[in-house]
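>>> My questions are about this predicted structure, shown below with the sequence.
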Amino acid sequence: MFRYILLKENEYVEVKLEGDLDIDVTEVVEEELIPSLEDFNSVNLNFKDVPFVDSSGIGIFLQMIKTLEQKGIKVVVSHVKEEVMEVFNLLQIPEIIGEELFV
């Protein structure tokens, strides 16, 4: 089961993601999460509680980053588990979105 928690502080928000980032979460991310982040200047996507990401999850993750950055929102990705980071590295995600986003 996937869920997210928004920890807001002025124009900054930390998004605590919990659960697998896969095809089942695409609709939630597109219709709920991304729109809820568009009013912030800075977003931290906290992956601490994300144990698994599949190709659909990678796609929605990239879409989220692109959408937010196009709106001028600074995005960082934190606390990525080693197993998930291996998938990101295998698919060259840090090179695609920028290694500086991963903190």
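Nice, thanks for sending it over. Residues are numbered from 1 along each chain as shown.

>>> C-alpha from now on. contacts and neighbour counts both.
Fine.

>>> by contact count, what packs against the longest helix along the chain?
In the chain, assigned by DSSP state H, the helix with the most residues is helix 55-70. Helices and strands touching helix 55-70, as assessed by 3 or more Cα pairs under 8 Å, 6 or more residues apart in numbering; DSSP states H and E, comprise helix 26-28, helix 34-37, strand 74-78.

>>> List the buried residues in stretch 94-103.
For stretch 94-103, the buried set under the neighbour-count rule, 16 or more other Cα atoms under 10 Å, comprises Phe102.

>>> Export it to PDB, keeping only CA atoms.
Coordinates of the C-alpha atoms in stretch 94-103 are reproduced here as PDB (Å, rounded to 0.1, in the frame of the first residue of the first chain):
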ATOM      1  CA  PRO A  94      20.900  10.500 -11.700                       C
ATOM      2  CA  GLU A  95      22.400  11.300 -15.000                       C
ATOM      3  CA  ILE A  96      19.000  12.100 -16.600                       C
ATOM      4  CA  ILE A  97      17.600  14.300 -13.800                       C
ATOM      5  CA  GLY A  98      20.900  15.500 -12.400                       C
ATOM      6  CA  GLU A  99      23.000  13.900  -9.700                       C
ATOM      7  CA  GLU A 100      22.800  17.100  -7.600                       C
ATOM      8  CA  LEU A 101      19.100  16.300  -6.900                       C
ATOM      9  CA  PHE A 102      20.100  13.300  -4.800                       C
ATOM     10  CA  VAL A 103      21.100  14.300  -1.300                       C
END
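
>>> If anything else comes up later, I'll come back, but that's it for now.
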